[in-house]
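Colleague: sequence? don't have it. structure:
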């Protein structure tokens, strides 16, 4: 067991490298237009027959490349080019539905003649003077007439900033295959609709491009509905508006007792609101709904936050944590009896809100069953963590991950299942949600432990239940193990002891190994979405995961 995490981490790295090498080894573009057109037609037919739904992960794409090339007898050297064509076809309809003014066109600087070009550069890239000596000005002019944002640059930094600002929803990129490969990984993580046009000949000098294909692509247009990458930010704003005392009173009904008033004030306090966002987002994705939240999903969104906030109240008491996010914990300001009662009241309010949903009895029963099972799992996970504390033992990494699956994952699963059932989702979808949530919650908790360790180790922090400590302890020799035990089991961790623990964890590369483990479970969550045939839903779950992690 000592080297379990090391072995897991190394296998993850090896797998990722193998994926990248597999793609890179097959990186040529067919030199004749007839071959390129033939392959595009085959890719279009293949995507239609396979009913492939975006977004694709690198692992999904590689599997499709293998099947596509084997089925059609395509030489292996055209594997990467085939992957570009397949991904283009998968996103084509989505991209066509995005308004021109919400799209970006990326053009490589290597299309210019460096010997005669007198264009200037700024922080974003080349400022074309449209002299007519190269295709850049012609392409840029046509795209800007349509309303595109055009950048003559390479790399993803600028694209990332524009996407995060909510100004861009789709990207068309022109470039050599190696650049397009690197861009794919980034675009995939954030589920960004993209279309890639490889240079027919690259090498940064005397490059060649099918300008007609570029013009054809930038003019793609359809009347289909498009789901903006900014929709999550809009939904977050909509969710936040639910958590004012006035809005909560409207959703939950008049609450006039002092206990109820205090519970609603606490519920309206600061929070990340991931669980309400998951519930509302999956509902909208399934319903293909762009309108404001309905009464039922508002009740569910508030219910899952009730459960979450109650768990925080009880967790702080059980772990003897005096602070929550830098402020005194609720039980320190109101006392333990009031804190316990407020948590219990919020749990009751959550179940009440579910019961008040105006839905068929069968659907309501499924929602209550999902909530109660999640509540049970969370308590089992928290119980295991408490027993660790009582036994004065440092748990194994595998034991901790099992606790994460019980303690953190159920809250995400409940939020998603309630939203899915409210939208009419079936049991098959709920099974997929369970697998996705299990890996997402595990990755989320590992990341949380990483952030906690990097930022600070509070004096009253229970480091026994940290993945960082578990990984370090498993890798350490007996001497370092004794030092870890002395620090972890001390009555109060002082600054000197913090430094000792930090040094030992750094020595055994615990943060690096934890990060690899976090990425492993993130990839597992992505794999859970492979069977989805709803593009809106698949995109939402990929995008929200990108934001959470």
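Modeller: Sure, I can see it. Since we're looking at a predicted model, the values are computed, not measured.

Colleague: Would you map the helices across the stretch 301-450 of the chain?
Modeller: Secondary structure of the stretch 301-450 of the chain (DSSP state H, counting those that start in this stretch): helices at 330-334, 336-355, 361-391, 397-407, 409-422, 427-455.

Colleague: list the buried ones in the second one?
Modeller: Buried residues in helix 336-355, counting neighbours by 16 or more other Cβ atoms under 10 Å, are found at 338-339, 341-343, 345-347, 349-351, 353-354. From N, CA and C alone the C-beta is placed, and that goes for glycine too.

Colleague: Please apply the same query to the shortest one.
Modeller: The neighbour-count check on helix 330-334 (16+ other Cβ under 10 Å) flags 330, 331, 332, 334 as buried.

Colleague: could you give me the average pLDDT of that helix?
Modeller: For helix 330-334, mean pLDDT is 96.

Colleague: what comes into contact with it?
Modeller: Helix 330-334 is contacted from outside by 262, 266, 313, 316, 317, 322, 324, 338, 339, 340, 342, using Cβ atoms under 8 Å, 6 or more residues apart in numbering.

Colleague: Could you list the low-pLDDT ranges of the stretch 151-300 of the chain?
Modeller: Where the stretch 151-300 of the chain drops to pLDDT under 70, the residues are 154-166, 202-207, 227-230, 289-291.

Colleague: If we use 80, what do you get?
Modeller: By pLDDT under 80, the weakly predicted segments of the stretch 151-300 of the chain are 153-167, 186, 201-208, 224-231, 255, 288-292.

Colleague: Let me see the ranges of the strands in it.
Modeller: Using DSSP state E, counting those that start in this stretch, the strands of the stretch 151-300 of the chain run over residues 170-175, 194-198.

Colleague: Just send those back as JSON lines, with mean neighbour count and distance to residue 520 too.
Modeller: Formatted as JSON lines, these follow (neighbours: other Cβ atoms under 10 Å; distance: least, Cβ to Cβ, whole Å):
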{"stretch": "strand 170-175", "mean neighbour count": "25", "distance to residue 520": "28"}
{"stretch": "strand 194-198", "mean neighbour count": "25", "distance to residue 520": "25"}
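
Colleague: how about those strands in TSV, adding distance to residue 488?
Modeller: Conversion of these to TSV gives the following (distance: least, Cβ to Cβ, whole Å):
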stretch	distance to residue 488
strand 170-175	48
strand 194-198	47
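
Colleague: how far is stretch 522-537 from where the chain is centred?
Modeller: Its chain's C-alpha centre and that of stretch 522-537 lie 11 Å apart, by Cα atoms, centre = their mean, to the nearest Å.

Colleague: that older thread, which one among the contacts of helix 330-334 gets closest to residue 400?
Modeller: Set against residue 400, the nearest of these by Cβ to Cβ is residue 316 (19.8 Å).

Colleague: What pLDDT is listed against that closest one?
Modeller: pLDDT recorded at residue 316 is 92.

Colleague: Surely it touches residue 328?
Modeller: No: contact status for residue 316 versus residue 328: not in contact, 10.0 Å apart, counting by Cβ atoms under 8 Å.

Colleague: For these two, work out which one has more neighbours and name it.
Modeller: Higher neighbour count among residue 316 and residue 328: residue 316, with 20 against 11, using other Cβ atoms under 10 Å.

Colleague: if I pick the more buried one, what's in contact with it?
Modeller: Shown in contact with residue 316 (Cβ under 8 Å, 6+ apart): 324, 329, 330, 331, 339.

Colleague: This structure - how does it break down into domains?
Modeller: Taking automatic domain parsing as the domain assignment, the ranges for the chain are 4-218, 231-548.

Colleague: could these be laid out in JSON lines, adding distance to residue 225?
Modeller: JSON lines is the format used below for the domains of the chain (distance: least, Cβ to Cβ, whole Å):
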{"stretch": "domain 4-218", "distance to residue 225": "6"}
{"stretch": "domain 231-548", "distance to residue 225": "7"}
